[in-house]
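Engineer: Predicted model and sequence follow; I will ask about them next.
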Number of protein chains: 2
Amino acid sequence: MPLWAQLESALRARLDAGEFDDRFPTDGDLVAEYQVSRHTVREAIRHLNSTGILRRERGRGTVVNRAFDQPLGALYSLFESIEASGAVQRSRVIALREERDAFVAGQLELDRDAPLVYLERVRYADDEPLALDRAWLPMAVAAPLLDSDFEHTALYEQLDARCGLRPNSGWERIAPVVPGGRERELLQMRVGEAAFFLERLSSADGHPIERRTTTIRGDRYRFVSTFEAGVAPALVASAT
Amino acid sequence: MPLWAQLESALRARLDAGEFDDRFPTDGDLVAEYQVSRHTVREAIRHLNSTGILRRERGRGTVVNRAFDQPLGALYSLFESIEASGAVQRSRVIALREERDAFVAGQLELDRDAPLVYLERVRYADDEPLALDRAWLPMAVAAPLLDSDFEHTALYEQLDARCGLRPNSGWERIAPVVPGGRERELLQMRVGEAAFFLERLSSADGHPIERRTTTIRGDRYRFVSTFEAGVAPALVASAT
DNA sequence: GATGTCCAAATGTCCGTATATTCGGTTCGA
DNA sequence: TCGAACCGAATATACGGACATTTGGACATC
């Protein structure tokens, strides 16, 4: 294991323990403490930096990014874009309970009858329904969430605060659907109207911790991607 | 401007000119050529690397990622993923003619009554309809395409060969729809089934040259995005 | 012909040092 | 009291050199 990688995991451990909440050591401090060159320190911090845990500011120092360990991907960008548009976001909790589901358990790499925390919400932007959100998490790690108030706080916020988990990788899949029955009603959509169906499996440190499906009204939101030679295209949600 | 940034843009320019198609210089070569330290070279390459243009392999060297130079975006990745899956692709030309359309002309930054080349195709994968593809291009630059055989060649191929144009930037927008009437029939979809509606405007050197809409069957294809902290999420099409 | 060994090339890792730039606070003068 | 100038701290940029590790090919051996 390279020196910088050892240093990275050492710092990560201390970060997780909350050691540097007020102030992160400077390059020089770490050189002195770990007896390595500044170059090595910077290589370790560069990695911590790229994962979004740290933010370096020239002339000020290195600060810990507690709040902005951002849930990633198109779903996150959707809610972010609504936030940016100035619309007021609100959630209504439809269900928050224990559940068992063989398929979901499989995706979360659990036994098929393992207990799960199930959270179902309708999300509103400016009092208009925007999305129906269903999330399943392993009861083994997410049990504390059963007491949470998800009308006023975000899932990932609670997941971090109560369970100490921060998703940092995963995948999403987007399909077109025509919602029916209860789903269509909750979203106040017209019969035969199309919507996005977004599936997501997010993991923390390689272990899946959340299976989520989100049905998003298609009349108000789009996924946009700009592309340019030499730059990887990025998928971003936008309001129409 | 930092030295490494200058080096980065210099290398980028040479890459765009296609200079390193066969082999990218080694660290040592660049040190010798630009008279900077290896540290600076690596800083520049690190950035080129993070945008996905280059890939370094220990013991082998630095190689160019030409894939990113192709017509980009989700639409391209769709047909590429079908290709990769081994399915046989085929196109049936429904229409290839001159047309006028005020809205499209506006998007292409032309006069509202400017003549356009209009191409409409149904695309098949293994003899099953996959997508309905409509493209508009300015007659002023794309007139030679009216003689092309689009059953057996790709649009961008002809555009390059006959008009000398290669799209290198643009945007795409994805929405869910329920195709009706003729569209549904051509795609052999059931009534009330959902599909993707993909709009695209692509440009060459900043000038829009192609407006395209593609209706993609939703039952067979999905858009997938994997995400990881510190890495830009990439949108990729995949067959179900 | 298959296998093993060695070597050169290329990138990865690591150290030490020096200067530049930026930020925040302090000091000083009008 | 306010603004400008200054200063220390911290990161950014840049150079130099050295050794480690991996890859792929050349070569020899069985």
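Structural biologist: Yes, it's here. Quick caveat, the model's predicted, so the values are computed rather than measured.
Engineer: Test my guess that residue A:186 contacts residue A:133.
Structural biologist: No - Residue A:186 is beyond contact range of residue A:133, at 10.5 Å (criterion: Cβ atoms under 8 Å). The C-beta positions use only the backbone N, C-alpha and C, and glycine is treated the same way.
Engineer: what's the overlap in contacts for those two?
Structural biologist: Both residue A:186 and residue A:133 are contacted by residue A:122, under the criterion Cβ atoms under 8 Å, 6 or more residues apart in numbering or on different chains.
Engineer: neighbour-wise, which of those two wins?
Structural biologist: More crowded of residue A:186 and residue A:133, by other Cβ atoms under 10 Å in any protein chain shown: residue A:133, with 22 against 18.
Engineer: list the contacts for residue A:215?
Structural biologist: So residue A:215 contacts A:131-132, A:177, A:179, A:183, A:187, A:195-198 (Cβ under 8 Å, 6+ apart).
Engineer: residue contacts, the closest residue to it other than its chain neighbours?
Structural biologist: Closest residue in space to residue A:215, ignoring its immediate chain neighbours: residue A:132 at 4.5 Å, by Cβ to Cβ, 6 or more residues apart in numbering or on different chains. Residue A:132 is in contact with A:120-123, A:179, A:183, A:186-187, A:214-215, counting by Cβ under 8 Å, 6+ apart.
Engineer: One more: residue A:164?
Structural biologist: Neighbours of residue A:164 in contact, by Cβ under 8 Å, 6+ apart: residue A:16.
Engineer: residue contacts, the residue of chain A found nearest DNA strand D?
Structural biologist: Closest to DNA strand D within chain A is residue A:26: 3.1 Å, counting by Cβ to the nearest atom of the strand. Residues in contact with residue A:26 (Cβ under 8 Å, 6+ apart) are A:61-62.
Engineer: Next one: it from residue A:59, what distance?
Structural biologist: For residue A:26, the distance to residue A:59 (Cβ to Cβ, to the nearest Å) stands at 12 Å.
Engineer: so what does the helix or strand hosting residue A:41 touch, helix or strand wise?
Structural biologist: With secondary structure defined by DSSP states H and E, residue A:41 is part of helix A:38-50. When contacts are defined as 3 or more Cβ pairs under 8 Å, 6 or more residues apart in numbering or on different chains; DSSP states H and E, helix A:38-50 packs onto helix A:3-16, helix A:27-34, strand A:54-57.
Engineer: Next, the buried residues of it.
Structural biologist: Under the neighbour-count criterion of 16 or more other Cβ atoms under 10 Å in any protein chain shown, helix A:38-50 has A:40-45, A:47-49 buried.
Engineer: can you check stretch A:201-217 too?
Structural biologist: Along stretch A:201-217, these residues count as buried under the neighbour rule (16+ other Cβ under 10 Å): A:201-204, A:208-217.
Engineer: Okay, helices next: where are they in chain A?
Structural biologist: A:3-16, A:27-34, A:38-50, A:74-85, A:102-107, A:139-142, A:155-163, A:181-186 (DSSP state H).
Engineer: How about residues contacting the last one?
Structural biologist: Translated: helix A:181-186. For helix A:181-186, the external contacting residues (Cβ under 8 Å, 6+ apart) are A:94, A:122, A:129, A:132, A:191, A:193, A:215.
Engineer: ok, now the third one?
Structural biologist: Outside of helix A:38-50, the residues that reach it under the criterion Cβ under 8 Å, 6+ apart are A:3-5, A:7-8, A:11-12, A:15, A:27-28, A:30-31, A:34, A:54-56, A:62, B:229-230.
Engineer: Around DNA strand C, which positions in chain A sit nearby?
Structural biologist: Residues of chain A lying close to DNA strand C by Cβ under 7 Å from any atom of the strand are A:2-5, A:35-40, A:43, A:57-60.
Engineer: picking up where we left off before, sort the buried residues of stretch A:201-217 by pLDDT and name the bottom one.
Structural biologist: Comparing pLDDT over the buried residues of stretch A:201-217, the lowest score belongs to residue A:204 (83).
Engineer: Next up, the contacts around that residue.
Structural biologist: Counting by Cβ under 8 Å, 6+ apart, residue A:204 touches A:165-168.
Engineer: related to what we said a few turns ago, list just the nearest of the buried residues of helix A:38-50 to DNA strand C.
Structural biologist: residue A:40 (3.1 Å).
Engineer: can you tell me how far that closest one sits from residue A:124?
Structural biologist: In terms of Cβ to Cβ, residue A:40 sits 50 Å off from residue A:124.
Engineer: try residue A:160
Structural biologist: Distance from residue A:160 to residue A:124, counting by Cβ to Cβ: 24 Å.
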